[in-house]
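Engineer: everything below, folded, please.
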Amino acid sequence: MIILFLVLFVLILLLILYISADIRSGVYINAILQLPAKGKKIALTFDDGPHPEITPLILTVLKKYNVPATFFCIGENIEKYKSLAERIIDDGHVIGNHTHRHSYFFPFFSRRRMKEEINACEDQIISVSPAYPPMLFRPPFGITNPSLKKALKSSGYSVIGWSIRSYDTILNDPVHVFKRVTKRIEPGSIILFHDSQFYTPEIIERVIIFAQKKGYNFVRLDEKGIEN
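Structural biologist: Numbering: from 1, shown residues only. Okay, here's the model as predicted:
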């Protein structure tokens, strides 16, 4: 009987961990995981920037192919590299909220502290993009829970997940990452990259070339009809 209880306890614990750790579960927050727009449209997204060395290289690639993207920036990084954040906006991209510090402990914060992190990042985004206040939010690590749901209540944010996770911060193999992404691309894909990996500019150029040859168009996530 004790063994059965322990097994059930472990299974329930694993279930709770899954629905919290995987933004696609949709249990706590109904995140956008796929573009609802019709046609062969896909979206590139970048987390954790701006990075002083890598983000400029990514921006150069995007400009070369006339591709818009969505950057989920950390507030502290915007504060440190404000001119780079301004360049993201000037180049025709959009900045989303990725909290102020992207703390490893963010999922364990109280509702109030989460809200403070979100608001602090929002202030930094507005400082570089006053005409376009942030409407998009991506939680650190894609983790959701009841506290985050409460923190975002009445915020007006659309919560953004992804349909393709590149694992560019884990695989550390450009060839593997490229193959992983391109074999999963389909109409409506939202692709997750990080502008904190030195080989990401090379990969996204190859992904862009691949997708454009297949007839796909890239869009920003604030395009009309995409956000909630």
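Engineer: and the strands in the chain?
Structural biologist: Along the chain, counting by DSSP state E, strands occupy 41-47, 70-73, 94-97, 136-137, 158-159, 164-165, 190-194, 217-218.
Engineer: residues making contact with the third one?
Structural biologist: Read that as strand 94-97. With contact meaning CB atoms under 8 Å, 6 or more residues apart in numbering, strand 94-97 is reached by 45, 68-73, 75, 78, 85, 88-89, 118, 121-122, 125, 128-129, 132, 134-138, 157, 160, 220-222. C-beta coordinates here come from the backbone N, C-alpha and C atoms, glycine included.
Engineer: ok so, going back, and the strands of the chain, which is most packed in?
Structural biologist: Burial of those is given as mean neighbour count (mean count of other CB atoms under 10 Å); strand 70-73 ranks first at a mean of 28.
Engineer: ok, residues contacting that strand?
Structural biologist: 43-50, 55, 85, 88, 93-98, 121, 124-125, 136-138, 160, 195, 220-222.
Engineer: please state the offset of that strand from the chain centre?
Structural biologist: 6 Å (CA atoms, centre = their mean, to the nearest Å).
Engineer: given that strand, what are its sheet partners and their directions?
Structural biologist: Partner strands for strand 70-73, per DSSP bridges, with pairing direction: strand 41-47 (parallel), strand 94-97 (parallel).
Engineer: would you pull up how far the longest one lies from the middle of the chain?
Structural biologist: Computed by CA atoms, centre = their mean, the chain-centroid distance of strand 41-47 equals 8 Å.
Engineer: run the angle between it and strand 190-194 for me.
Structural biologist: Counting by axes from the mean of the first three to the mean of the last three CA atoms, to 10 degrees, strand 41-47 lies at 20 degrees to strand 190-194.
Engineer: what mean pLDDT does strand 41-47 have?
Structural biologist: For strand 41-47, mean pLDDT is 97.
Engineer: over to the shortest one?
Structural biologist: Strand 94-97 shows a mean pLDDT of 97 in the predicted model.
Engineer: do I have it right that residue 157 meets residue 136?
Structural biologist: Yes. The pair residue 157 / residue 136 is scored as a contact, 6.7 Å apart, by CB atoms under 8 Å.
Engineer: before we move on, back to that, for residue 180, find the nearest of the strands paired with strand 70-73.
Structural biologist: strand 41-47 (14.8 Å; CB to CB).
Engineer: ok, and what's touching that closest one?
Structural biologist: The contact list for strand 41-47 (CB under 8 Å, 6+ apart) reads 35, 55, 58, 62, 67, 69-72, 96, 98, 138, 160, 162, 185, 187-196, 200, 204, 207-208, 211, 216-221, 226.
Engineer: please repeat the previous calculation with a cut-off of 7 Å.
Structural biologist: With CB atoms under 7 Å, 6 or more residues apart in numbering as the test, strand 41-47 has contacts from 35, 58, 67, 69-72, 98, 138, 162, 185, 187-195, 204, 211, 216-219, 221.
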